[in-house]
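Novice: Provided below are the primary sequence and the corresponding predicted coordinates.
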Amino acid sequence: MPKRFQMIKQNFLKVFTGSKSQQSRTIECATFVNTNMDFAVAKLYIQKYFDENARNQSMEMIVNIRNTFIDIVQQSSWMDPISKSKAIEKYNFNSSLMSNDLIILRLKMKKNVQMLREPVDPRKWVVAPTIIDATYTPEYNRITFAAGILQMPAYHKDAPK
C-alpha cells in the first residue's frame with residue numbers, strides 16, 4: 001500500500017480503535033488474511049492441527065455436563081416435581097432448526113437496521129475457528145468451542161479428565 005494510504009489508514013485506526021502505533025507488515029497481512037479468509041485459514045489449520053479424537057472427547061465431556069445438570073435438577077430439594085419436569089423439558093427442548101433460523105435471521109436483520117446510524121463499537125468481533133476461545137451465543141443457547149481451543153495449552157487429549 002502506498003505510504004500516503006498507510007498514513008490515512010493509521011489516522012483512521014487511531015480515531016476508530018485508539019491505536020497509536022502501526023503494526024508490522026507481517027502482522028497486518030496475517031490479520032487481514034485471517035479476518036477476510038477466516039474459514040479458508042481455518043480449513044488449513046484444522047487439517048494440520050485438529051485432532052478428531054480431541055473433538056470426540058470434548059463432545060463426550062459436553063454430554064457428561066448435560067447429564068450432570070439433569071441429575072442436579074432431579075436431585076434438587078428446592079424444586080417441586082412439576083418445576084423439575086418443566087426445567088428438564090425446557091433444557092431438552094429441540095424445535096425446528098429452519099423456523100428458528102428464520103426467526104433469528106429476522107431479528108438479526110432488524111438489529112442491523114437499527115444499528116445503521118449508530119456509532120461503530122470497535123470492541124465487537126466475531127470469533128474465527130483459529131481463535132483459542134469459546135463463545136456463548138444466547139439466541140441459540142449454544143456454547144461454541146473454536147478449533148483453536150482444543151490445542152495446548154488450553155486443552156490436551158491426554159490430560160487427566
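Specialist: That came through fine.
Novice: Show me the helices in the protein, by range?
Specialist: Assigned helices in the chain, in chain order: 3-17, 25-36, 38-49, 52-75, 81-91, 97-114 (criterion: DSSP state H).
Novice: Residue ranges in this structure under the pLDDT threshold?
Specialist: Regions of the chain meeting the criterion pLDDT under 70 cover residues 94-97, 120-127, 139-140.
Novice: 50 instead, please
Specialist: Within the chain, the segments meeting pLDDT under 50 span 125.
Novice: Next, the buried residues of stretch 46-57.
Specialist: Residues of stretch 46-57 classed as buried: 46, 50, 54, 57 (neighbour count, 16 or more other C-beta atoms under 10 Å). (C-beta placed from N, C-alpha, C; glycine too.)
Novice: Could you measure from the last one over to Asn112?
Specialist: Spelled out, that is Gln57. According to C-beta to C-beta, to the nearest Å, Gln57 and Asn112 sit 38 Å apart.
Novice: before we move on, the earlier item: between the buried residues of stretch 46-57, which sits nearest Lys90?
Specialist: Nearest to Lys90, judged by C-beta to C-beta, of the buried residues of stretch 46-57 is Gln57 at 27.8 Å.
Novice: Nice, that's everything, thank you.
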